[in-house]
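> Next comes the sequence, and after it the predicted model I'd like to discuss.
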Amino acid sequence: MPSRQLLKSLSKKAKNKFSLKQKLIFDDEKLDNNVLNEVKDALATGSNRKAIEAIFTNLASSEISEKRSIYHFYSQDYLERLEKLSSDSKGQSKVSIPRWMLIATSDLINKKYKDLEFDSVEDVINYLTEVYHSKINYLWNPE
């Protein structure tokens, strides 16, 4: 019985930690605006911030539905790397993404950037935008 209570307590602490939002600071001018504009059109928004939030939301949900649990993702180093790059960024744009969404997209990033070798927050956003763009294109042209 005490072990069950301990697990519930740890799970609750993890949920609270993962629900916190992490601020990503970036430079809009370094984003791939051609692809981002197509995604914004598909999402019916003119806002980069709303499009980026939707990209993280949709890709994170898709990844979790495949893995079934947030605990299956490579994450802590990824979160720390994003936090450091955000704090070093000279960009004026920012978006706040729940940590669980960042964690859920970590495997996608790790496929592209082994050992988290991305150089900027813009690299992460651009890559996830490309992945999401390809998913949107597949909806209209599944060949």
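Good, I have the coordinates. Numbers count the residues shown, from 1 in each chain.

> buried ones in stretch 54-70?
54-56, 58-60, 62-64, 70 (16 or more other Cβ atoms under 10 Å). Heads up, the C-betas are built off the backbone N, CA and C, glycines and all.

> Quick check: mean pLDDT of it?
Across stretch 54-70, pLDDT averages out at 84.

> in stretch 81-90, what's buried?
Quick answer for stretch 81-90 (16+ other Cβ under 10 Å): 81-83, 85-86, 89.

> ok, now stretch 99-117?
99-110, 113.

> Go through the buried residues of stretch 81-90 and name the one nearest residue 124.
residue 82 (6.7 Å; Cβ to Cβ).

> other SSEs contacting the strand or helix carrying that closest one?
Using DSSP states H and E, the element containing residue 82 is helix 76-88. Helices and strands touching helix 76-88, by 3 or more Cβ pairs under 8 Å, 6 or more residues apart in numbering; DSSP states H and E, are strand 21-26, helix 99-104, helix 106-112, helix 121-140.

> any idea how far the last one is from the chain center?
Average the C-alpha atoms of helix 121-140, do the same for its chain, and the two points are 11 Å apart (Cα atoms, centre = their mean, to the nearest Å).

> Cheers, nothing more for now.
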